[in-house]
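Novice: no sequence on this one, just coordinates:
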């Protein structure tokens, strides 16, 4: 590389000393001023000399010269004239926002036959679609346009519970008033439900847990059921007034017989200790599953429970499609899931210990029991057995609200 003349080296040194403190306008003005000074000394070649010294482009230096010679100078704080600089993409391609939004909502605003309706709406796919329509746009720019339109990455949100029963809110109020009455009278009220069945074995479990970096818990790739360990069916009972829970971990089927036996175990292990000499119990439950309001075996087993304990069993079912409103879901089950997150449920003992050691800042305590009884599905209840129930239905939705009294 040929050595630069001394005067160009001088310009370079001066520029290196001050360029970091200059904005775009001041750089071009400074370079233009140096080019004029060079021309006065050498007669010509000022723009090229400054370009060689500073690497500022010739067009910028010429623009600076015009600005110096122009009588209508820019305002002090402006870098370029109003409207100057690169034009916005939406100014050069004025319909791009409209066409982009049509791609995003093909079923409601755009073409219902659009192939993009059935593909992932990534910025790459959107870019390709726009380019196919004749637009000049990059993938990062598509992201900025989406932000400009008010779009952002969104996950699905569970909010739709299906069709709503016309008496849904009235049933909530009925349950609430019944629970408040039992609380006032000092009688027990429990929320019951079966938790999701869990595979027993060295399988991946949702969530994360702290461990040494680069040393994750190694688990099976596939969740094929271990025939020896099988699954467990935790059935929970949550005391609405004591913030205490009971979980009966079954190794068999989640049947109505298992559900009532779980409630019975809670009563003998915890309930009668907490509530002395009471003659009534309130159960709030979902409308489906093993404790559903249409399940005959559920009512027959509750009658046996009532006869055995002398308790009058009051039952209130939540309306269809509202299982997540059941207190046990967010007062107990959610904390059990948090406590065992990221841990393989390698054995029944592990599951029992993890449930039993679940605690909260509000003082939740859970007692847990492993139920090794075998419950068979498909037990039939005859009309005659159903007629023998000592059941009293409420005037308001008697199918959801009823009491089963013990037979003397």
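Specialist: Structure received. Just so it is clear, the structure is predicted and the values come from calculations on it, not from any experiment.

Novice: Flag the shaky bits of the stretch 101-250 of the chain, pLDDT-wise.
Specialist: Flagging of the stretch 101-250 of the chain using pLDDT under 70 yields the residue ranges 105-120, 155-163, 208-216, 219, 221-223.

Novice: how about the strands in it?
Specialist: 189-194, 198-199, 231-239, 244-250 (DSSP state E, counting those that start in this stretch).

Novice: hmm, who's touching the last one?
Specialist: By Cβ atoms under 8 Å, 6 or more residues apart in numbering, the residues outside strand 244-250 that reach it are 195, 232-239, 258, 261-262, 265-266, 269-270, 274, 328, 332, 336, 348, 351-352, 355, 364-371, 373, 375. Heads up, the C-betas are built off the backbone N, CA and C, glycines and all.

Novice: Show me which of these are buried.
Specialist: The neighbour count (16 or more other Cβ atoms under 10 Å) marks 195, 232-239, 258, 261-262, 265-266, 270, 328, 332, 336, 348, 351-352, 355, 364, 366-369, 371, 375 as buried among the contacts of strand 244-250.

Novice: where exactly do the helices run in the stretch 301-408 of the chain?
Specialist: Using DSSP state H, counting those that start in this stretch, the helices of the stretch 301-408 of the chain run over residues 327-328, 334-339, 348-356, 383-387.

Novice: can these go into a markdown table with extra columns for distance to residue 27?
Specialist: Supplementary listing: the helices of the stretch 301-408 of the chain in a markdown table, determined by distance: least, Cβ to Cβ, whole Å:
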| stretch | distance to residue 27 |
| --- | --- |
| helix 327-328 | 68 |
| helix 334-339 | 58 |
| helix 348-356 | 66 |
| helix 383-387 | 92 |
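
Novice: Tell me which of those helices is the most buried.
Specialist: Comparing the helices of the stretch 301-408 of the chain by mean neighbour count (mean count of other Cβ atoms under 10 Å), helix 327-328 comes out on top with a mean of 22.

Novice: Which elements pack onto it?
Specialist: strand 189-194, strand 231-239 (3 or more Cβ pairs under 8 Å, 6 or more residues apart in numbering; DSSP states H and E).

Novice: For my notes, please list the ones you listed in a markdown table and give distance to residue 101 for each entry.
Specialist: Output for the helices and strands packed on helix 327-328, formatted as a markdown table (distance: least, Cβ to Cβ, whole Å):
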| stretch | distance to residue 101 |
| --- | --- |
| strand 189-194 | 44 |
| strand 231-239 | 47 |
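
Novice: For residue 283, which of the ones you listed is the nearest?
Specialist: Residue 283 lies closest to strand 189-194 among the helices and strands packed on helix 327-328, at 5.8 Å (Cβ to Cβ).

Novice: Could you tell me which residues make contact with the nearest residue to residue 333 once chain neighbours are set aside?
Specialist: The shortest distance from residue 333 to any non-neighbouring residue, by Cβ to Cβ, 6 or more residues apart in numbering, is to residue 195 (5.4 Å). Each residue near residue 195 by Cβ under 8 Å, 6+ apart is listed here: 233-236, 247, 333, 336.

Novice: rerun that using 10 Å as the cut-off
Specialist: Neighbour list for residue 195: 232-236, 247, 249, 254, 328-329, 332-333, 336-337, 355 [criterion: Cβ atoms under 10 Å, 6 or more residues apart in numbering].

Novice: wait, which of these is closest to residue 403?
Specialist: Taking these together and measuring to residue 403 by Cβ to Cβ, the closest member is residue 328, at 20.8 Å.

Novice: Go ahead and confirm residue 317 touches residue 401.
Specialist: Yes. Applying Cβ atoms under 10 Å as the test, residue 317 and residue 401 come out as touching, 7.4 Å apart.

Novice: Against residue 388, how distant is the spatially closest residue to residue 389 that is not a sequence neighbour?
Specialist: Leaving aside its sequence neighbours, residue 389 sits nearest to residue 303 (Cβ to Cβ, 6+ apart; 5.3 Å). Applying Cβ to Cβ, to the nearest Å, one obtains 8 Å for the distance of residue 303 from residue 388.

Novice: quick one: common contacting residues for the two?
Specialist: Both residue 303 and residue 388 are in contact with residue 407, where contact means Cβ under 10 Å, 6+ apart.

Novice: Tell me which of those two has more neighbours.
Specialist: Ranked by neighbour count (other Cβ atoms under 10 Å), residue 303 and residue 388 place residue 303 first, with 22 against 12.

Novice: Next up, the contacts around the more buried one.
Specialist: 260, 313, 385-386, 388-391, 404-407.
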